[in-house]
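Novice: okay, here's the prediction I keep looking at, along with the sequence it came from:
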Amino acid sequence: MSESKQTPHLPAPRLQFRWAPGETPGYEWVVFYEFVLPLREHDCRRDGPQGASGELVLEIGKTARGSNQTCPNDKPYRDGAHANWDNEALGGYLPIIVIDPQGRPFVEELYREANDPPGWTPRSRMVPFVTADTPKAEA
């Protein structure tokens, strides 16, 4: 199991990618691909450090990346494809969330440019994940 920052305002169950600084020379970042399950109030798995937040985080995969990017918030190519396939196998309703090294959640947004031809594959970008209980930014 991997060490995860707990993010109580995120939905569970979910698939998530959690970015962290890498420890291997030449690989500045590592991203953990995880399955997060909610735990019920009297679930004995809450007793351990892994379940104390009310969530059980199971590591599915890990990818190291060499990059000069200061704060990655994207889905890695291979595990990103795996997450899409896994989500489909699990019914297709789980959110796939990316958590950057500062703990900020993002989701992938598909969009089209006005000049994209019909049938063109949508482009994607990462946008902040927002819920009703997400703290509002101060103006």
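Specialist: Yep, that arrived. The shown structure was predicted, so the numbers you read here are calculated from the model rather than taken from an experiment.
Novice: the nearest residue to residue 26 once chain neighbours are set aside and residue 76: what is the separation?
Specialist: Closest residue to residue 26 apart from its sequence neighbours, by Cβ to Cβ, 6 or more residues apart in numbering: residue 66 at 5.1 Å. All C-beta spots, glycine's among them, are computed from the backbone N, C-alpha and C. Look at residue 66 and residue 76: by Cβ to Cβ, to the nearest Å, they are 12 Å apart.
Novice: so those two - more neighbours on which side?
Specialist: More crowded of residue 66 and residue 76, by other Cβ atoms under 10 Å: residue 76, with 22 against 12.
Novice: quick one: pLDDT of that one?
Specialist: Here the pLDDT value assigned to residue 76 is 89.
Novice: what do you get for residue 116?
Specialist: pLDDT at residue 116 comes out at 84.
Novice: cool, and residue 101?
Specialist: Here the pLDDT value assigned to residue 101 is 91.
Novice: where does this protein have low pLDDT?
Specialist: Applying pLDDT under 70 to the chain flags the ranges 1-8, 50-52, 132-139.
Novice: now the strands for it?
Specialist: 14-21, 29-38, 55-65, 96-99, 105-111, 123-128 (DSSP state E).
Novice: any idea how far the residue nearest to residue 26 is from residue 103?
Specialist: Separation of residue 66 from residue 103 (Cβ to Cβ): 23 Å.
Novice: before we move on, back to that, export the strands of the chain to TSV and tack on mean neighbour count and distance to residue 49?
Specialist: TSV is the format used below for the strands of the chain (neighbours: other Cβ atoms under 10 Å; distance: least, Cβ to Cβ, whole Å):
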stretch	mean neighbour count	distance to residue 49
strand 14-21	21	17
strand 29-38	20	15
strand 55-65	17	11
strand 96-99	21	19
strand 105-111	15	22
strand 123-128	12	29
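Novice: that's all I had, so thanks and see you.
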